[in-house]
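# from the sequence below, what's the structure:
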Amino acid sequence: MNSPTMRSEKSGQRTGSTASPTTQAAAEKLQECSTHYVTEPAKDIMGRLSEYAHEKPDVAAMWCFGLGLIVGWKLRG
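Take a look at the predicted model:
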């Protein structure tokens with residue numbers, strides 16, 4: 001019954017209540033990176049799809065029709 005959590009509570013120290021500046025900086029950097037790596041690829045993919053649709057509208061329309069047909073068929077059944 002002498003776990004690290006119990007020992008820190010007995011000594012009067014609270015773990016996790018105040019984060020060090022290094023921990024806070026790392027958390028902020030992680031949040032910034034996760035936002036960047038989620039939004040940037042999505043923008044890039046949408047840009048490429050839009051560009052492709054402008055270059056080959058007939059092929060893009062057939063892809064949309066085909067995907068719509070499959071999704072509609074799966075939702076119906």
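
# quick one, strands of this structure?
Assigned strands in the chain: none (criterion: DSSP state E).

# could you list the low-pLDDT ranges of it?
Per-residue confidence of the chain (counting by pLDDT under 70) places the weak regions at 1-17.

# so in it, which helix runs the longest?
Criterion DSSP state H: the longest helix present in the chain is helix 21-55.

# buried set for that one?
By neighbour count with 16 or more other C-beta atoms under 10 Å, helix 21-55 contains no buried residues. No exception for glycine: its C-beta is placed from N, CA and C like everyone else's.

# same for that helix, what does it pack against?
Using 3 or more C-beta pairs under 8 Å, 6 or more residues apart in numbering; DSSP states H and E as the contact definition, the elements that helix 21-55 packs against are helix 57-76.

# residues in contact with the helix it packs on: which ones?
Leu49, Tyr52, Ala53 (C-beta atoms under 8 Å, 6 or more residues apart in numbering).

# so what's the gap between that helix and the chain middle?
Helix 57-76 has its C-alpha centroid displaced from the chain centroid by 26 Å (C-alpha atoms, centre = their mean, to the nearest Å).

# for stretch 51-60, same thing?
Here stretch 51-60 is found 28 Å from its chain centre; the criterion is C-alpha atoms, centre = their mean.

# between the two ends of that stretch, how far is it?
10 Å (C-alpha to C-alpha, to the nearest Å).

# may I have stretch 30-40 exported as CSV, CA atoms only?
What follows is the C-alpha trace of stretch 30-40 in CSV, where atoms were taken according to Å, rounded to 0.1, in the frame of the first residue of the first chain:
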residue,chain,number,x,y,z
LEU,A,30,1.7,19.4,-29.4
GLN,A,31,-1.6,21.2,-29.8
GLU,A,32,-0.1,23.4,-32.5
CYS,A,33,1.3,20.5,-34.4
SER,A,34,-1.8,18.4,-34.2
THR,A,35,-3.9,21.3,-35.6
HIS,A,36,-1.4,21.8,-38.4
TYR,A,37,-1.2,18.2,-39.4
VAL,A,38,-5.0,17.9,-39.5
THR,A,39,-5.9,21.0,-41.4
GLU,A,40,-3.1,21.3,-43.9
